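Engineer: Build the 3D model from these lines:
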Amino acid sequence: MSDAAAMNELELTINRRLAASRERVFKAWLEPRTLAKFMKPTDLEHLDAVVETDPVKGGRFSILMKMEDKDIPHEGTYLEIDPYSRLQFTWESANSLDDSVVTIDLVAVDAVTTDLTLHQVKFKSESLRDGHIMGWTRMLDVLPRVLG
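Structural biologist: Numbering: from 1, shown residues only. The predicted structure is shown next:
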């Protein structure tokens, strides 16, 4: 298998059960003010991301994650916006391949509980995929506080 083929096969999946309705969780991924509060690579509460979204199919978003010593830019294009059940977008950053795609699926357990599955495909290396696992895990750990 070529190195390029191996990169295209690297993927990750993270699951979370959230104490919030599917609608609230879905909207959190599209509203800039809410995204800014959980799209952060660190525990520094005072460093919210700078976020812009155009939440329509084909629309673009930008997320500038803030750290003490640097900023980490991310951009993407919304590929699918299926209200309250699926959100899919490209994930463009220095640490991912240009055609990396993130899919977020939401399933209502009941009126106030949602199962979230985040799946991302295509990474430059196993270590960068593992870094994304840590990053997404941290962000999904913060999301319940933001939804709180």
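
Engineer: contacting residues around residue 104?
Structural biologist: The contact partners of residue 104, taken as Cβ atoms under 8 Å, 6 or more residues apart in numbering, are 29, 86-88, 116-119. For the C-beta atoms, the positions are set from N, CA and C on the backbone; glycine is no exception.

Engineer: What strand or helix carries it?
Structural biologist: According to DSSP states H and E, residue 104 maps onto strand 101-110.

Engineer: Show residues contacting the lengthiest strand in the chain.
Structural biologist: Criterion DSSP state E: the longest strand present in the chain is strand 71-82. If you take Cβ under 8 Å, 6+ apart as the criterion, strand 71-82 is touched by 30, 39, 41, 54-65, 86-94, 101-103.

Engineer: of those, buried ones?
Structural biologist: Buried members of those, scored by 16 or more other Cβ atoms under 10 Å, are 30, 39, 41, 55, 60-63, 65, 87-93, 101-103.

Engineer: re earlier: mind checking the pLDDT average for the longest strand of the chain?
Structural biologist: Mean per-residue pLDDT for strand 71-82: 96.
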